[in-house]
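Peer 1: need the 3D shape of this:
(one chain, ligands or ions: 1)
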Amino acid sequence: MGNAARRWSLRTVSIVSLVILFTLITATSAFADASGQPGGITKEAEDMHQLYLLVLAMALVVFVIVEAALVFVILRYRKKSDQLPEQTHGNNVLEVVWTSIPIIIVLILFVFSFVTLTKVDKEAKPENLTVDVQGFQFQWQFTYRQNDLGPGSDPKATGEVVILGTGKDEPTLVIPVNEPVEFRLHSNDVIHSFYVRDFLYKLDVVPGRDNSFKVTAKEIGTFDGQCAELCGINHSLMRFHLKVVERADFDKFIADQSAGSKKAAAATGK
Ligand code: CUA
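Peer 2: Sure, this is the predicted structure:
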């Protein structure tokens with residue numbers, strides 16, 4: 001090896017090492033602060049977050065290997081003269097390797113995604129609390145039925161509690177903690193999307209189709225939600241809040257709301 005070649009291969013090795021080092025550092029700190037994705041507040045979100053981390057880790061490994069190989073080849077085999085380097089055609093070992101690696105990656109991703117999807121998409125039970133979510137231009141309406149308020153609710157009870165949002169008054173959706181809750185999504189106008197970031201999940205709200213999903217919130221607190229589908233000029237006004245509370249506070253919320261609407265009905269003589 002001549003002096004020049006030795007200098008270049010040394011430089012190549014240093015650059016490649018730097019690239020790998022930089023990638024590893026970014027990767028480690030990204031993983032440390034939950035990889036840029038918050039963990040989510042539901043049981044279902046835990047699984048989705050794990051899947052996200054797996055995909056991210058695999059993508060990082062591919063990224064580091066591909067970039068390192070790229071930088072190495074660019075520096076090591078850059079054009080030195082007009083003479084063509086040795087040409088090779090058809091290498092069976094290489095062909096098998098670069099076909100099977102992507103197949104294995106896709107298979108792993110498919111299996112883990114499928115397992116997560118079946119866990120997340122588990123149907124709610126009839127005795128679980130159900131909230132009807134109506135998306136409309138440009139806000140949300142949340143409806144609780146008195147006979148469908150989760151464990152212990154009276155199947156013969158009648159009446160509803162309706163939380164109606166307006167552009168100025170963002171509605172708050174209240175659900176109990178540690179209980180499966182089913183959301184049924186409806187729309188009468190255009191396609192909206194029901195999105196609470198901390199669910200790590202969103203679902204389209206489609207006219208003529210009833211979409212539903214189930215979550216079990218495991219953290220008490222107030223979280224933000226919004227429409228995540230461009231649905232018209234005031235799409236940005238379709239914000240709402242999600243409040244996760246203890247069961248007792250949820251029962252109190254429902255009682256207060258129905259007392260409030262009874263009082264209002266009495267005052268207007270309806
Ligand atoms: Cu509804 Cu955007």
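Peer 1: interface residues of the chain facing the ligand?
Peer 2: Contacts of the chain with the ligand, taken as CB under 6 Å from any ligand atom, map to 135, 192, 227, 229, 230, 231, 235, 238. The way it works is simple: take the backbone N, C-alpha and C, and place the C-beta from them, glycine included.
Peer 1: pull out the buried residues from the residues you listed.
Peer 2: 135, 192, 227, 229, 231, 235, 238 (16 or more other CB atoms under 10 Å).
Peer 1: which of those residues fall in strands?
Peer 2: The members of these that map onto strands under DSSP state E are 135, 192, 227.
Peer 1: need the residues you listed in a markdown table (columns: pLDDT).
Peer 2: Output for these, formatted as a markdown table (pLDDT from 0 to 100):
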| residue | pLDDT |
| --- | --- |
| 135 | 95 |
| 192 | 96 |
| 227 | 96 |
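Peer 1: before we move on, back to that, can you tell me which of the residues of the chain next to the ligand is nearest residue 186?
Peer 2: Using CB to CB, the shortest approach to residue 186 within the residues of the chain next to the ligand belongs to residue 135, at 7.4 Å.
Peer 1: I figured residue 35 hits residue 54, correct?
Peer 2: No. Counting by CB atoms under 8 Å, residue 35 stays clear of residue 54, with 10.5 Å between them.
Peer 1: those two: who's more crowded?
Peer 2: Neighbour count, other CB atoms under 10 Å: between residue 35 and residue 54, residue 35 has more, with 18 against 15.
Peer 1: could you grab the helix/strand/coil label for that one?
Peer 2: With DSSP: H, G, I helix; E, B strand; the rest coil as the basis, residue 35 sits in helix.
Peer 1: in contact with it, which residues?
Peer 2: The contact partners of residue 35, by CB atoms under 8 Å, 6 or more residues apart in numbering, come to 52, 53, 56.
Peer 1: tell me the pLDDT of it.
Peer 2: Per-residue confidence for residue 35 comes out at a pLDDT of 70.
Peer 1: and if you look at residue 205?
Peer 2: At residue 205, the pLDDT value in this model is 96.
Peer 1: and it, how far from residue 159?
Peer 2: Between residue 205 and residue 159 the computed distance is 25 Å (CB to CB, to the nearest Å).
Peer 1: okay, those two: which has more neighbours?
Peer 2: residue 205 (29 against 11).
Peer 1: how much space between that one and residue 133?
Peer 2: According to CB to CB, residue 205 and residue 133 sit 7 Å apart.
Peer 1: what do those two both touch?
Peer 2: 185, 186, 194.
Peer 1: dump the C-alpha coordinates for the one helix or strand the last one maps to into CSV.
Peer 2: Residue 194 belongs to strand 192-196 when assigned by DSSP states H and E. What follows is strand 192-196 as a C-alpha-only set of coordinates in CSV (Å, rounded to 0.1, in the frame of the first residue of the first chain):
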residue,chain,number,x,y,z
HIS,A,192,-63.0,14.1,10.5
SER,A,193,-60.4,12.3,12.6
PHE,A,194,-60.7,11.8,16.3
TYR,A,195,-57.2,12.2,17.8
VAL,A,196,-55.9,12.4,21.3
